[in-house]
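Based on what follows, work out the 3D shape:
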Amino acid sequence: MPLTDTPAPEPLASLQGPLALEALALGAFDHAVGRMAGFRARQGQREMAAHIAATLSRVRWPARPEKGDPQPPAQPRERAIAVVQAGTGVGKSAAYAATVIPLALAQGKRVVISTATVALQEQLMGKDLPALAAALPQPFAFALAKGRGRYVCRLKLDQLAGGDAGTAELFAGSDNDEAPAAEVPGQAWAEQSRHYTRWSQMLDQGDWDGDRDRLDAQPQPDVWAPVAAERHTCTARHCPSYASCSYYQARARLAQAQVIIVNHDLLLSTLGLHALPDPADCYLVLDEAHHLGSVAQGQFTESMDLMHGAWLDRLPRVLAEVAGAIGQPPGADVALLARQLKSAQADLARRAMARLSESPDWLALSGRQGGMRPRNGRDGSAGFEFSVPRATERFAGGHLPADWLDTVGQIAGHATVLLRQFEALATELKARARDNPGEAARCAQLYSRIGALAPRLQHMAATAGLWLQQAEEGQPPLAKWLEAGIRNGTVTLTAHACPLTPGPLLRSQLWSRVRAAVATSASLVTCGSFDHFLQESGLAFDGDVGALEVQSPFDHARQGRLVVVQTRNDPKDVDGYTREVLDLLVQDLSQVRRGALVLFTSRAQLRRAQDLLERGEHGRLRERVLVQGESSRTQLLRRHAERVAAGEVSILFGLQSFGEGLDLPGELCEWVFITKLPFASPGDPVGQARAEWLRAQGRDPFSDLVVPATGARLLQWTGRALRSETDEAVVICYDDRLLRQSYGRRMLKGLPPYRLQRRRAGGMLEDVVP
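Residues are numbered from 1 along each chain as shown. Sure thing, here's the model as predicted:
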């Protein structure tokens, strides 16, 4: 059942006018915060709540018709979007939850809260919402929404539990087609099959609800993929396992919740699919909203594999067997189309490899120009690692070579025709399952067989179609590029395409549907302005947006210092700068007495730091360091907390993902070391294409795009230092461009007012006026 068809909560009362709604929302906030255990009133938090209440109270919702009444006439669409920059310590989740949820309950609406990180979802589900539910007079239910692929498909699981490897080929399709289960060694398959049998028994006994995240040990991707629920292999209510389906049981629980927690990826990927409440009929809160642009860009990126074609050899047989089983022959020569598609794919792969073969990245990646370097492990083992993780080749201006167009056109055409054959069979199978329940089990299994192959065809058709598109006059072109890598000793090659700017995508796909929303984060203001966020998120020049910056309650000048280190080597001299910074870092780490966080801008830089610490003279320091990737994030943070609690020194080494979302209060993080300003990789093909387009428009991409984006990341990184009013911490940045370059000064404008100091090359400290 679509969530939009479920009954909404009944309104508390008939409320008239925005002033009454504003008073209700702000009164509910005051009531809740005064009664929530562990919470206390904060001026900035109330400012945020008041702004949200005043903004969203302007929204006018269409009258909900009584059952049996005709739909009321269309009413003017009145919308409102509150944008709030909430500095660290404001308590933004309580500010929006204690305001928006009562406002929604009073009007019979639901609330969808979307986040970018699991950590914030866990905070909302485990702390903030239970506290608010206990404090508000009107009860509400809340639930966490997950993607379909996080749940097991009972039909597939029952087929594979206790079956042989040949059975698994029935569901081979999109993820690992070069090694279907039939080719998995017998011992490995036996172990895999034991997982499926145990999971099936756990479901039968009620010991598991089918949610992957609730398994004691997380399965490997190649074990989970064959039994994961997928939209393309699902016949929904026509499936014989529908009544016991884990995914649809979770959907039923969501339908009873007034508040739904979701992530940005799922929110954007399900727009228009009725998997979540309609944005036009609910209150939407986007926390960690600074991620919205990058998530949207990822959602609308298409790619196709150019190296693996064995699945196209199986496709005619699968289609023929399914069509024969229901007596509906295909309307085209499927075997010929598959051969032609595979031939075109191979032709494009040859052209792509010829183009990539002389690129510096590929030469380094393939080891012909020193792309591999020796590496010694902590256990004394030796090995090699690639210094270049991938090789990319971008098409300037989005223009493909003229002699490629015919091949790309063949891929688009053949994939589209084959998709039509799949769609015709899928439609027939669903109809038969609906009309003849006795055939539902067989139809569901047949449907899953063709559905397993459909995603690859869709990606081929979509990517090739985008590659053939040319931008209209005055409009930005698409970014188009090739990407090659080496995985498990095998070359990978993919073709990609995506729109250059996320703003228009979000404006057309999300904001055009939204009626009432809050967008908030601690880093929406960059370089002293909301401009960058509003452009990237599609909200620039939107008259329904009201923006507010709420300052952190922390006394940054008293509690913290930002020390900018003057280095002899310029960061553009990568080797010299890295050597100097790592030597300085090792010296500075000797000052750490409890917890510290070191943030690196690249994995190569982090590896060099590890190598330095693994030398004999730094052995004791290495024992105090926990490195991102050595174990799971949860395990690393638990070990870090245990060490600090025991009075030991503990130092975290991490990359970008450790630069935000980590909440390390007090002694857990008394030092933050930033090895370099966090500029995005210059090799990013989308960033290159955007810069090329901006230059063509007479604009400066570095000033307009790179500096604000880097400023936002730097704000997040420095924000790891102070997490409460009692914390004291030092942030050390080894990149003195922050002080000596004008763009560095722009970034400083967006940072909290720490006591700012420069450390000269000899070690002398001097205060700096911002």
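
Report the next helix or strand after the helix or strand of the chain at the bottom of the mean pLDDT ranking in sequence order.
None of the helices or strands of the chain scores lower by mean pLDDT, DSSP states H and E than strand 382-386, at a mean of 39. Note on strand 382-386: by DSSP states H and E, the next helix or strand toward the C-terminus is strand 391-394.

Now do that following strand: which elements does it pack against?
Counting contacts by 3 or more CB pairs under 8 Å, 6 or more residues apart in numbering; DSSP states H and E, strand 391-394 is packed against helix 334-356, helix 360-365, strand 479-487, helix 685-696. (C-beta placed from N, C-alpha, C; glycine too.)

which other residues reach that strand?
With CB atoms under 8 Å, 6 or more residues apart in numbering as the contact definition, strand 391-394 has outside contacts at 352, 355-356, 359, 361-362, 364-365, 479-485, 683, 685, 688-689.

repeat for stretch 109-128
8-9, 61, 93-94, 96-97, 100-101, 104, 142, 144, 257-264, 267, 276-277, 279, 281-288, 291, 295, 660-663.

Just the buried residues from these, in PyMOL please.
The following PyMOL command selects only the buried members of these, with burial defined by 16 or more other CB atoms under 10 Å:
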select buried, resi 8+9+93+94+96+97+100+101+104+142+144+257+258+259+260+261+262+263+264+267+276+277+279+281+282+283+284+285+286+287+288+291+295+660+661+662
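
Okay, and which of the contacts of stretch 109-128 map to helices?
The helices, defined by DSSP state H, take in 93-94, 96-97, 100-101, 104, 264, 267, 295 from the contacts of stretch 109-128.

now, among those residues, which is nearest to residue 304?
Ranked by distance to residue 304 (CB to CB), these are led by residue 295 at 21.3 Å.

how far away is the nearest residue to that closest one once chain neighbours are set aside from residue 119?
Spatial nearest neighbour of residue 295, chain neighbours left out: residue 264 (4.3 Å); criterion: CB to CB, 6 or more residues apart in numbering. Residue 264 sits 14 Å away from residue 119, going by CB to CB, to the nearest Å.

Over to residue 754?
With CB to CB as the criterion, residue 754 and residue 119 are 24 Å apart.

of those two, who's got more company?
Under the neighbour definition other CB atoms under 10 Å, residue 754 and residue 119 were set side by side, and residue 754 has more, 23 against 17.

now the more buried one, nearest residue through space, not along the chain?
Excluding its sequence neighbours, the residue lying closest to residue 754 (CB to CB, 6+ apart) is residue 562, at 3.9 Å.

CA atoms of the helix or strand harbouring that neighbour as PDB?
Under the criterion of DSSP H and E, residue 562 resides in strand 560-565. Extracted in PDB, the C-alpha atoms of strand 560-565 (Å, rounded to 0.1, in the frame of the first residue of the first chain):
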ATOM      1  CA  GLY A 560      39.800  27.000  21.700                       C
ATOM      2  CA  ARG A 561      42.800  28.000  19.600                       C
ATOM      3  CA  LEU A 562      43.300  27.800  15.800                       C
ATOM      4  CA  VAL A 563      47.000  27.600  15.200                       C
ATOM      5  CA  VAL A 564      48.200  28.000  11.600                       C
ATOM      6  CA  VAL A 565      51.700  26.600  11.100                       C
END
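
next one: it to chain centre, how far?
Relative to its chain's centre, strand 560-565 lies at 31 Å (CA atoms, centre = their mean, to the nearest Å).

again, but for stretch 624-637
On the basis of CA atoms, centre = their mean, stretch 624-637 sits 21 Å off its chain's mean C-alpha point.

what's the first-to-last distance across that stretch?
With CA to CA, to the nearest Å applied, stretch 624-637 spans 13 Å between its terminal residues.

quick one: contacts of that stretch?
The contact list for stretch 624-637 (CB under 8 Å, 6+ apart) reads 592, 606, 610, 613, 639-640, 643, 648-655, 657-658, 662, 664.

redo that, cut-off 10 Å
118-119, 218, 378, 589, 592, 596, 598-600, 603, 606-607, 609-610, 613-614, 618, 638-640, 643, 648-658, 661-664, 668 (CB atoms under 10 Å, 6 or more residues apart in numbering).

again with stretch 29-43
45-46, 48-50, 52-53, 89-91, 94-103, 127-128, 130-137, 550-551, 553, 725.

Looking at the host helix or strand of residue 462 now, give me its mean pLDDT.
Using DSSP H and E, residue 462 maps to helix 440-468. On average, the pLDDT along helix 440-468 is 92.

what does stretch 588-597 give?
Stretch 588-597 comes out with an average pLDDT of 95.

picking up where we left off before, could you dump the helices and strands packed on strand 391-394 into JSON lines and include mean pLDDT?
Below are the helices and strands packed on strand 391-394 laid out as JSON lines (pLDDT from 0 to 100):
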{"stretch": "helix 334-356", "mean pLDDT": "96"}
{"stretch": "helix 360-365", "mean pLDDT": "74"}
{"stretch": "strand 479-487", "mean pLDDT": "92"}
{"stretch": "helix 685-696", "mean pLDDT": "95"}
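
could I get these as TSV with distance to residue 404 and mean neighbour count?
Output for the helices and strands packed on strand 391-394, formatted as TSV (distance: least, CB to CB, whole Å; neighbours: other CB atoms under 10 Å):
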stretch	distance to residue 404	mean neighbour count
helix 334-356	6	18
helix 360-365	18	18
strand 479-487	11	20
helix 685-696	17	18
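
wait, which of those is closest to residue 402?
Proximity to residue 402, assessed across the helices and strands packed on strand 391-394 by CB to CB, is greatest for helix 334-356 (11.9 Å).

ok so, going back, can I get the helices and strands packed on strand 391-394 in a markdown table with distance to residue 417?
Listed next are these as a markdown table, based on distance: least, CB to CB, whole Å:
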| stretch | distance to residue 417 |
| --- | --- |
| helix 334-356 | 6 |
| helix 360-365 | 34 |
| strand 479-487 | 23 |
| helix 685-696 | 30 |
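
List just the one of those that sits closest to residue 710.
Among the helices and strands packed on strand 391-394, helix 685-696 comes nearest to residue 710, with 11.5 Å by CB to CB.

and the gap between the closest residue to residue 769 other than its chain neighbours and residue 46?
Spatially, and ignoring its direct neighbours in sequence, residue 769 is nearest to residue 756 (7.7 Å; CB to CB, 6+ apart). Distance from residue 756 to residue 46, counting by CB to CB: 30 Å.

do the same with residue 284
Noted for residue 284: a distance of 22 Å to residue 46, by CB to CB.

Also residue 462?
48 Å.

Sketch out the low-pLDDT regions of the chain for me.
1-16, 38, 64-77, 162-188, 366-389, 616 (pLDDT under 70).

what inclination does the longest helix along it have with respect to helix 440-468?
Across the chain, the helix with the greatest residue count (assigned by DSSP H) is helix 405-435. Between helix 405-435 and helix 440-468, the angle comes out at 160 degrees (axes from the mean of the first three to the mean of the last three CA atoms, to 10 degrees).

Give me the neighbour count for residue 725.
Applying other CB under 10 Å, we find 12 residues neighbouring residue 725.

Let's verify it: helix, strand, or coil?
Using DSSP: H, G, I helix; E, B strand; the rest coil, the structure places residue 725 in coil.

which residues sit in contact with it?
Here residue 725 is in contact with 42, 89, 552-555, 559 (CB under 10 Å, 6+ apart).

Compare these and tell me which is most surrounded.
When neighbours are counted by other CB under 10 Å, residue 554 leads the contacts of residue 725 with 23 neighbours.

Would you list the phi and psi of that one?
Phi and psi for residue 554, reported as degrees, to the nearest 10, are phi -70, psi 150.

and the gap between it and residue 724?
Counting by CB to CB, the gap from residue 554 to residue 724 is 8 Å.

can you list residues touching both of the two?
By CB under 10 Å, 6+ apart, the residues touching both residue 554 and residue 724 are 88-89.
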